[in-house]
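Asks: sequence first, then the predicted structure:
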Amino acid sequence: MKRVSAFAIVGMVGFIADAGAFTLFYYFLEQPMWARVFAFWVAASVTWLGNRYFTFSECDKSHKLRQWVRHMAVAHVAGILNLAVFYVTALWGHVAIAFVAGIGAGLCLNYMMSSRLVFKT
């Protein structure tokens, strides 16, 4: 349970990084989709660092680039699930519920894949 809590805390930090990066990129680029893509990459990199040194601190610290690439792949897969759940849920109900449902689904998949594929113990 401690690891899941740490993963969620790192995710909250990533959310803050995502929002801040999106705001900056959107301000300078004035292109919302590109700002969103770049902000996602910043947030995913922030969560990789947090999970590497906080959540999964006992894991192997070698092969940083390989681990980062795996983390980015997992983040993208979880992001697709997040968006799919959001889209389907939003069709049936309130957007805020869809937002939370998407985040929850993405978080669960991200944790399962990260603990098995990225930060193997």
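Replies: Looks like it came in fine.

Asks: quick check: next helix or strand after the strand or helix carrying Val42?
Replies: Secondary structure assignment for Val42, by DSSP states H and E: helix 32-50. As assigned by DSSP H and E, the chain's next helix or strand after helix 32-50 is helix 64-92.

Asks: helices or strands next to that next one in the packing?
Replies: helix 32-50, helix 95-113 (3 or more CB pairs under 8 Å, 6 or more residues apart in numbering; DSSP states H and E). Glycine gets a C-beta too; all of them are placed from N, C-alpha and C.

Asks: report the angle between the helix holding Val42 and helix 95-113.
Replies: 40 degrees (axes from the mean of the first three to the mean of the last three CA atoms, to 10 degrees).

Asks: got the angle for helix 32-50 vs helix 64-92?
Replies: Using the same axes, to 10 degrees: helix 32-50 against helix 64-92 is 130 degrees.

Asks: let me have the helices and strands packed on helix 64-92 in a markdown table, extended by mean neighbour count.
Replies: Below are those laid out as a markdown table (neighbours: other CB atoms under 10 Å):
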| stretch | mean neighbour count |
| --- | --- |
| helix 32-50 | 18 |
| helix 95-113 | 16 |
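
Asks: pLDDT averaged over the helix holding Val42, what's the number?
Replies: Helix 32-50 shows a mean pLDDT of 93.

Asks: what helices and strands are in contact with that helix?
Replies: Against helix 32-50 (3+ CB pairs under 8 Å, 6+ apart) you get helix 2-29, helix 64-92.
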